[in-house]
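Chemist: Sharing a sequence plus its predicted fold:
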Amino acid sequence: MVSRVIPVEPFDLVIFGGTGDLARRKILPALYRRFCDGQMPSEARIIGAARTQQSAGDWRGWVGEALEEFVAAARREPQTVAAFLERLDYLAVDAKGDGGWQELCDRMREGVVQAFYFSVAPSLFGDLAERLHQFGIARADARIVVEKPFGTDLASARALNRTLSEYFSETQIYRIDHYLGKETVQNLMAVRFGNVLFEPLWNTQYVDHVQITVAESVGVGGRGAYYDQSGAMRDMVQNHLMQLLCLTAMEPPSRFEPDAVRDEKLKVIRALDPVLPEDIVRGQYKASDKGPSYREDAENEASRTESFIAMKLHVANWRWNGTPFYLRTGKRLKSRKSEIVIHFKEPPHSIFDEDAGSRANVLSIRLQPDEGIDLRVTIKEPGPGGMRLIDVPLDMSFAEALGADGADVPDAYERLIMDVIRGNQTLFMRGDEVEAAWAWTDPIIEGWTKRGDRPFPYDAGSAGPEEALMLLHKDGRRWREIG
Ligand code: BG6
């Protein structure tokens with residue numbers, strides 16, 4: 001396939017938290033891969049900024065080690081790595097004091113895109129924004145990138161939005177939800193709006209229900225302290241699963257443009273009915289040969305935080321009235337598997353004998369691993385014996401269909417960071433979207449606290465607690481297998 005990489009404009013990208021875990025695991029490897037593909041012009045520069053006092057050379061050495069760990073060996077030619085490292089500079093800055101800011105101001109260049117990546121705790125967002133303003137560093141067209149968690153409830157999200165808006169306009173703020181940068185998540189829009197095949201059926205008349213699963217096999221490991229304050233609801237549902245739900249349920253935007261897409265997503269969140277307590281199941285993984293229990297990982301023997309959640313949602317609008325959306329996500333499950341599955345209704349009338357069997361079509365969009373799309377269609381079982389119906393897959397694995405290009409799925413951060421430089425906010429969350437998601441989440445979490453709700457223990461390596469299976473069984477449905 002011909003490479004369609006179009007270089008972005010020259011830029012200065014400052015990464016606050018430049019010595020942190022996200023920079024090491026995601027941001028810098030993503031930038032390196034874009035560099036390898038020729039997307040970074042020669043005048044592009046990346047400045048690491050953090051509290052640690054060290055030289056640019058020290059930081060380059062550290063980044064070099066990060067690339068060794070997080071970039072495939074085949075893509076790490078020594079000359080390419082060296083050329084990339086040359087683009088890097090470093091400055092020690094004190095987010096809460098004055099140290100380093102004047103130097104940062106002096107290093108900024110005119111005439112290039114200016115982007116500031118806040119890869120730091122949200123409690124520092126305000127300080128950084130203020131310093132960038134106070135020292136006259138950020139220009140009126142500068143972009144800032146902020147990471148989740150964007151607040152822990154509606155009040156804190158609003159406070160963050162207010163703080164940032166004191167210094168930056170909404171068109172300058174790029175709130176990352178890395179799920180939106182995943183190739184297959186963008187593919188959901190391509191499948192829905194780039195084909196005539198699905199959209200006419202994409203409604204309650206033809207869709208029986210939708211399942212959205214983001215299953216992980218890892219536990220909360222070293223992140224126990226953060227996770228115990230957050231749980232699956234805040235860590236995954238309020239943001240990632242909510243975004244998947246929005247892209248699945250939204251009306252077609254008039255154009256693939258930031259506000260057109262985000263307006264439609266916002267309408268979905270606002271149309272969500274409050275969730276009944278009996279429509280939510282929470283769980284905590286038990287100890288196993290795979291590792292300690294959730295409570296041990298969280299170092300909180302009395303923890304009531306959920307490492308698993310399953311829920312039934314209703315999008316109360318004309319398109320979806322009567323079609324439930326079942327969402328689930330959890331840690332230490334059977335395998336790592338994320339998918340969106342559309343279960344269509346059975347044909348309204350069968351012309352075949354009852355014993356021919358009847359099948360409903362199922363469209364699954366595999367987000368990870370083995371990215372692809374699978375549509376189950378009904379056919380006649382070959383051979384004699386009359387008309388017997390079976391369902392067979394029309395299965396498209398990106399890796400098989402697109403060859404090397406399909407197998408080499410870019411990391412979400414590659415796309416998102418380049419979109420920041422290009423000034424395209426389509427795949428970033430707008431302030432009102434984040435607030436609407438918290439407005440929906442808050443009463444659910446408050447309800448748990450009021451009722452003293454406890455998560456159900458579940459076996460590590462399972463599909464979550466039995467009660468989660470019952471959530472669908474009682475509606476006469478079944479979850480898809482996780483592994
Ligand atoms: C993060 C969550 O946002 O997403 C983690 O904080 C989770 O708990 C991760 O493991 C999952 O991302 P991915 O891209 O591995 O599916």
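Modeler: Arrived safely, thanks for sending.
Chemist: ok, residues contacting stretch 65-84?
Modeler: Stretch 65-84 is contacted from outside by Ala23, Arg24, Arg25, Lys26, Leu28, Pro29, Leu31, Tyr32, Arg33, Phe35, Cys36, Gly64, using Cβ atoms under 8 Å, 6 or more residues apart in numbering. Where C-beta positions appear, they are placed from N, C-alpha and C, glycine not excepted.
Chemist: now Phe116, which residues is it bridged with?
Modeler: Val14, Ile144 (DSSP bridges).
Chemist: That one reaches Arg139, doesn't it?
Modeler: No: judged on Cβ atoms under 8 Å, Phe116 makes no contact with Arg139 at a distance of 10.8 Å.
Chemist: The two - which one has more neighbours?
Modeler: Phe116 (27 against 12; other Cβ atoms under 10 Å).
Chemist: Next up, the contacts around Lys345.
Modeler: Applying Cβ under 8 Å, 6+ apart to Lys345 gives the contacts Gln205, Tyr206, Val207, Asp208, Ala360.
Chemist: what's the spacing between it and Asp208?
Modeler: Distance, Lys345 to Asp208, by Cβ to Cβ, to the nearest Å: 5 Å.
Chemist: got it, and Arg415?
Modeler: From Arg415 over to Asp208 the distance is 33 Å, taken as Cβ to Cβ.
Chemist: again, but for Tyr167
Modeler: Distance, Tyr167 to Asp208, using Cβ to Cβ: 48 Å.
Chemist: helix or strand right after the least confident helix or strand in the chain by mean pLDDT?
Modeler: For the chain, counting by mean pLDDT, DSSP states H and E, helix 398-407 ranks last in confidence among helices and strands (a mean of 68). Counting by DSSP states H and E, the next helix or strand C-terminal to helix 398-407 is helix 412-422.
Chemist: who touches Glu183 in this structure?
Modeler: Going by Cβ under 8 Å, 6+ apart, Glu183 touches Glu371, Phe398, Val409, Pro410, Ala412, Arg415.
Chemist: Show me where the stretch 1-150 of the chain has its strands.
Modeler: Listed in chain order, the strands of the stretch 1-150 of the chain (DSSP state E, counting those that start in this stretch) span 11-16, 45-50, 88-92, 113-118, 143-146.
Chemist: Just put these in CSV and tack on mean pLDDT and distance to Ile390.
Modeler: Listed next are those as CSV, based on pLDDT from 0 to 100; distance: least, Cβ to Cβ, whole Å:
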stretch, mean pLDDT, distance to Ile390
strand 11-16, 98, 54
strand 45-50, 98, 55
strand 88-92, 97, 57
strand 113-118, 98, 51
strand 143-146, 97, 49
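Chemist: would you list these in JSON lines and tack on distance to Asn317?
Modeler: Formatted as JSON lines, the strands of the stretch 1-150 of the chain follow (distance: least, Cβ to Cβ, whole Å):
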{"stretch": "strand 11-16", "distance to Asn317": "40"}
{"stretch": "strand 45-50", "distance to Asn317": "44"}
{"stretch": "strand 88-92", "distance to Asn317": "49"}
{"stretch": "strand 113-118", "distance to Asn317": "35"}
{"stretch": "strand 143-146", "distance to Asn317": "30"}
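Chemist: Which among those is found nearest to Lys265?
Modeler: strand 143-146 (18.0 Å; Cβ to Cβ).
Chemist: and that closest one, what does it pack onto?
Modeler: If you count contacts as 3 or more Cβ pairs under 8 Å, 6 or more residues apart in numbering; DSSP states H and E, strand 143-146 packs onto strand 113-118, helix 125-134, strand 173-175, helix 412-422.
Chemist: I'd like these as CSV, with distance to Glu257 appended.
Modeler: Compiled in CSV, these are given as follows (distance: least, Cβ to Cβ, whole Å):
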stretch, distance to Glu257
strand 113-118, 20
helix 125-134, 26
strand 173-175, 15
helix 412-422, 13
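Chemist: related to what we said a few turns ago, which of the strands of the stretch 1-150 of the chain sits closest to Ile340?
Modeler: strand 143-146 (26.2 Å).
Chemist: Would you pull up how far the next helix or strand after that closest one lies from the middle of the chain?
Modeler: Following strand 143-146 in sequence order, the next helix or strand is helix 154-167 (DSSP H and E). Using Cα atoms, centre = their mean, to the nearest Å, the mean C-alpha position of helix 154-167 is found 22 Å from that of the whole chain.
Chemist: how about stretch 91-98: buried residues?
Modeler: Leu91, Ala92, Val93, Ala95 (16 or more other Cβ atoms under 10 Å).
Chemist: Apologies, that question was intended for stretch 312-323.
Modeler: With burial defined by 16+ other Cβ under 10 Å, the residues of stretch 312-323 counted as buried are Lys312, Leu313, His314, Val315, Asn317, Arg319, Trp320, Thr323.
Chemist: Thought Phe325 was touching the third one, still the case?
Modeler: Yes: counting by Cβ under 8 Å, His314 touches Phe325, with 7.4 Å between them.
Chemist: picking up where we left off before, between the contacts of Lys345, which sits nearest Gly48?
Modeler: Val207 (47.5 Å).
Chemist: in the sheet, who's paired with the closest one?
Modeler: Beta-bridge pairing of Val207 under DSSP bridges involves Phe344.
Chemist: Now do the same contact list for it.
Modeler: Leu201, Thr323, Ile342, His343, Phe344, Lys345.
Chemist: try Glu216
Modeler: Thr329, Gly330, Lys331, Arg332, Leu333, Arg336.
Chemist: Neighbours of the fourth one, how many?
Modeler: The criterion is other Cβ under 10 Å. On that basis, Arg332 has 29 neighbouring residues.
Chemist: for the first one, same thing?
Modeler: Summarising burial for Thr329: neighbours were counted as other Cβ under 10 Å, giving 26.
Chemist: Paired strands for the helix or strand encompassing it, with orientation please.
Modeler: Using DSSP H and E, Thr329 maps to strand 325-330. Sheet pairing here is set by DSSP bridges, and for strand 325-330 it gives strand 207-215 (parallel), strand 308-313 (antiparallel).
Chemist: pLDDT added to the buried residues of stretch 312-323, as JSON lines?
Modeler: Formatted as JSON lines, the buried residues of stretch 312-323 follow (pLDDT from 0 to 100):
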{"residue": "Lys312", "pLDDT": "98"}
{"residue": "Leu313", "pLDDT": "98"}
{"residue": "His314", "pLDDT": "98"}
{"residue": "Val315", "pLDDT": "98"}
{"residue": "Asn317", "pLDDT": "97"}
{"residue": "Arg319", "pLDDT": "98"}
{"residue": "Trp320", "pLDDT": "98"}
{"residue": "Thr323", "pLDDT": "98"}
